[in-house]
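Chemist: just a sequence and a predicted model for now, questions to come.
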Amino acid sequence: MKPVYLLTAFFLMGSLLSGCATAPGSTSGKNSAENAEPDVSEFVVAIEEEPDTVDFQCTSIHYTVAQNVFDRLVEMENNAHGSAVVLPSLAKDWEVSDDGMTYTFHLREGVTFSNGSPLTASDVLYSFTRLLTHPDSCNQDIIDNIVGAAKLEAGETDQLEGFKILGDLDFSITLEEPFAAFLPCLSMPGASIMDEATTVEAGDRFGTEPEWTVGTGSFVLWKWNKGEGMLLKANKNCWNGVPKCEGLDLRFLSEAEDIEALFEKGELDILDLDGLGSDADKYLNDSSYKDRLFRAHPVGITYIALNESIEPLNNVAVRKALQMALDRQALLDSSRNGRGEIEQGIFPHGLSGYNEDLPEIAYDPDEAAALLADAGYGDGFEMTISVKSSVADWEKSMMESVASMWEKIGVKATVEVIDDSEWMTLRKSGQLTCYEATWTADFNDPDNFIYTFFGNKENTTFRSLCYPREDIMKRVTDARAITDKDERIKEYRDLEKTIIQDEAAWIPLFSRIRYYVKSEKLDGIKASWNGSVKNNYRNMSKKLKTIY
């Protein structure tokens, strides 16, 4: 990775940068105070990976801007009992037809985009139409079950048949069939709502140029200095109230030592210990940091994918042997210092539908070797584990440990580090033999996991799993339409056991527990339902008194 330099002063020198960008088409009512250069010393400072775009319809990774500059019709949050529930957002309320297929939404009155344009039902229709038709869209599955979505996506029509505008603030959406997770899907970042007029005029500039990236959220994307960072200014006219901080100073840094040094100098407000490796121990074990530690358990799973279109991984005995040969607790201990929970299936701790009674996948290298021998591979075989060049050190080290464990049963696995773009191209085309990755929930429903990986041939190829059983994939798809909650969860649990434990279609490893250390200046840090702190920046603030 090329080095990134800490040019903090750059952000403080307004004369070197363009002034506060006002979105095209904004109203003339903005006063000079709103357009003035803010005091960035009052911005919350955090680290971010630099995106190529913040167009949330065209990325499946970079969602910080979507979560903070934009809003969705609904949001998910934990209730008092710790269960995730769907809450109103831009939609103040809605009704669902008795057959579960038509949703009628009512938008809040008086909501405006940061450029002053009023939010209308037409903006929602435009956002959904663009999501289905943009050539680079990767989030169509959020709404691909709306009547007419397939025809619109295929270019056979220019109208989304199932979306009916009933008034400036009212509209209905009709689905092809009932889908119990439809509302949770609408809380995903990719379902954020755009200002139609500005976004149409922006064209390719939306998501890459701040003045054209206009939302209704708590912050305004103010400046984006390529290679250095982003500044997000508080949206003082946000319908959801004024954020508690003046803005966000997001620094593009990747080297752990640079990030830690920034924190130690008091210039970083949130230190994510996830990327520090063994250096994290000094914060976890030093009592002086005890009151500044923050613990979060993301709803996600780290797993190893096995490609069933490649021999001998098309043999269930071989896949079971690879599962049983791994001491997953040892992998968690060595790579994450034990900070996590061993998972037995596809649904991790914290996800709706998580099955705590799922049998444990045993660590038994002797039985694993016997399975290989019975399958005709007593002398083992060779395979490649593909690792992205950008992965954290602990991930690469963990996969080398995986290779060592497999070697003990005769499997000669080579860890190959390849360029990110090549890795992604191979994965999407179903050509990676084996890889490790983490999937974190976009919305709290089992569908977000099982359908994403095993819902159809396209999905399973896209993940280089190449799962062959069409009957099981049909059941996964059919389960989306089950309206009885208990019946639906039972079906998902049966499918989980079949796919992961009976057929060993992938190897579940663990869910990760993350720790953050906050600066002495920061107040209000908390995690959302999925364990992320990034979509709660609006609740964070800096203490006025500077502590040295």
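Modeler: Structure received. The model shown is predicted, which means the values in this text are computed figures rather than measured ones. Numbers count the residues shown, from 1 in each chain.

Chemist: can you dump the C-alpha atoms of the helix or strand harbouring residue 438 in PDB for me?
Modeler: Mapping residue 438 onto the secondary structure by DSSP states H and E places it in strand 434-440. Taking only C-alpha atoms (Å, rounded to 0.1, in the frame of the first residue of the first chain), the coordinates of strand 434-440 have been written out as PDB:
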ATOM      1  CA  CYS A 434     -11.300 -21.300  -1.500                       C
ATOM      2  CA  TYR A 435     -11.300 -18.000   0.400                       C
ATOM      3  CA  GLU A 436     -12.000 -16.400   3.700                       C
ATOM      4  CA  ALA A 437     -14.400 -13.500   4.200                       C
ATOM      5  CA  THR A 438     -16.800 -11.900   6.700                       C
ATOM      6  CA  TRP A 439     -20.400 -11.100   6.000                       C
ATOM      7  CA  THR A 440     -22.100  -8.600   8.200                       C
END
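
Chemist: and that strand, which strands flank it?
Modeler: Using DSSP bridges, strand 434-440 pairs in its sheet with strand 300-306 (antiparallel).

Chemist: now do the strand it pairs with: distance to the chain's middle.
Modeler: Its chain's C-alpha centre and that of strand 300-306 lie 15 Å apart, by C-alpha atoms, centre = their mean, to the nearest Å.

Chemist: just to revisit the earlier point, following the strand holding residue 438, which helix or strand comes up?
Modeler: Taking DSSP H and E as the definition, the helix or strand that follows strand 434-440 towards the C-terminus is helix 447-454.

Chemist: elements contacting that next one?
Modeler: Secondary-structure packing of helix 447-454 (3 or more C-beta pairs under 8 Å, 6 or more residues apart in numbering; DSSP states H and E): strand 434-440, helix 457-462, helix 470-479, helix 485-496. Placement of C-beta: from N, CA and C, glycine included.

Chemist: if we can go back for a sec, next, the buried residues of the strand holding residue 438.
Modeler: For strand 434-440, the neighbour count (16 or more other C-beta atoms under 10 Å) marks 434-437, 439-440 as buried.

Chemist: what's the angle from that strand to helix 447-454?
Modeler: Taking axes from the mean of the first three to the mean of the last three C-alpha atoms, to 10 degrees, one finds that strand 434-440 is oriented at 160 degrees with respect to helix 447-454.

Chemist: which outside residues touch strand 434-440?
Modeler: Contact with strand 434-440 is made by 298-307, 313, 383-387, 395, 398-399, 402, 413, 423, 427, 449, 452-453, 464, 509, 512, 530-532, as judged by C-beta atoms under 8 Å, 6 or more residues apart in numbering.

Chemist: show me which of the residues you listed are buried.
Modeler: Neighbour counting by 16+ other C-beta under 10 Å classes 298-307, 313, 383-387, 395, 398-399, 402, 413, 423, 427, 449, 452-453, 464, 509, 512, 530-532 among the contacts of strand 434-440 as buried.

Chemist: for the closest residue in space to residue 449 that isn't next to it in sequence, what are its contacts?
Modeler: Sequence neighbours aside, residue 346 is the residue nearest to residue 449 in space, at 5.2 Å (criterion: C-beta to C-beta, 6 or more residues apart in numbering). By C-beta under 8 Å, 6+ apart, the residues touching residue 346 are 301, 303, 449-450, 453, 496, 499-500, 506, 508.

Chemist: and if we set it to 6 Å?
Modeler: By C-beta atoms under 6 Å, 6 or more residues apart in numbering, residue 346 lies in contact with 449-450, 496, 500.

Chemist: shouldn't it be within a helix?
Modeler: No: using DSSP: H, G, I helix; E, B strand; the rest coil, the secondary structure at residue 346 is coil, not a helix.

Chemist: and it, what pLDDT?
Modeler: On the pLDDT scale, residue 346 is placed at 97.

Chemist: ok, now residue 274?
Modeler: In the predicted model, residue 274 carries a pLDDT score of 83.

Chemist: now do the SS call for it.
Modeler: helix.

Chemist: my read: it touches residue 515, true?
Modeler: No: checked against C-beta atoms under 6 Å, the pair residue 274 and residue 515 is beyond contact range at 7.7 Å.

Chemist: what about the helices in the stretch 1-150 of the chain?
Modeler: Applying DSSP state H, counting those that start in this stretch to the stretch 1-150 of the chain gives helices spanning 8-12, 32-35, 64-69, 121-133, 149-153.

Chemist: show me what the third one is in contact with.
Modeler: With contact meaning C-beta under 6 Å, 6+ apart, helix 64-69 is reached by 48, 54, 56, 189, 192, 215, 217-219, 221, 534-535, 537.

Chemist: in stretch 135-154, what's buried?
Modeler: Of the residues in stretch 135-154, 137-143, 145-149, 152-153 count as buried by neighbour count, 16+ other C-beta under 10 Å.

Chemist: can you list contacts of it?
Modeler: Contacts with stretch 135-154, where a contact means C-beta under 6 Å, 6+ apart, come from 57-58, 60, 128, 131-132, 157, 160-162, 173-176, 179, 185, 188, 190-191.

Chemist: let's see which of those residues end up in strands.
Modeler: 173-174 (DSSP state E).

Chemist: only the buried subset of the contacts of stretch 135-154, as a PyMOL command please.
Modeler: Restricted to the buried members of the contacts of stretch 135-154, where burial is judged by 16+ other C-beta under 10 Å, the PyMOL selection command reads as follows:
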select buried, resi 57+58+128+131+132+160+162+173+174+175+179+185+188+190+191
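
Chemist: am I right that residue 332 is in contact with residue 511?
Modeler: No: counting by C-beta under 6 Å, residue 332 stays clear of residue 511, with 9.8 Å between them.

Chemist: shared neighbours of those two, anything?
Modeler: The contact sets of residue 332 and residue 511 overlap at residue 340 (C-beta under 6 Å, 6+ apart).

Chemist: more neighbours: which of the two?
Modeler: Higher neighbour count among residue 332 and residue 511: residue 511, with 24 against 21, using other C-beta atoms under 10 Å.

Chemist: which helix or strand contains that one?
Modeler: If you go by DSSP H and E, residue 511 is part of strand 506-512.

Chemist: show me the shaky parts of the stretch 151-300 of the chain.
Modeler: Low-confidence segments of the stretch 151-300 of the chain, defined by pLDDT under 70: none present.

Chemist: hang on, the earlier thing: farthest-apart pair in the buried residues of stretch 135-154, please.
Modeler: The distance between the two most remote of the buried residues of stretch 135-154 (C-beta to C-beta) is 22.2 Å, for 138 and 147.
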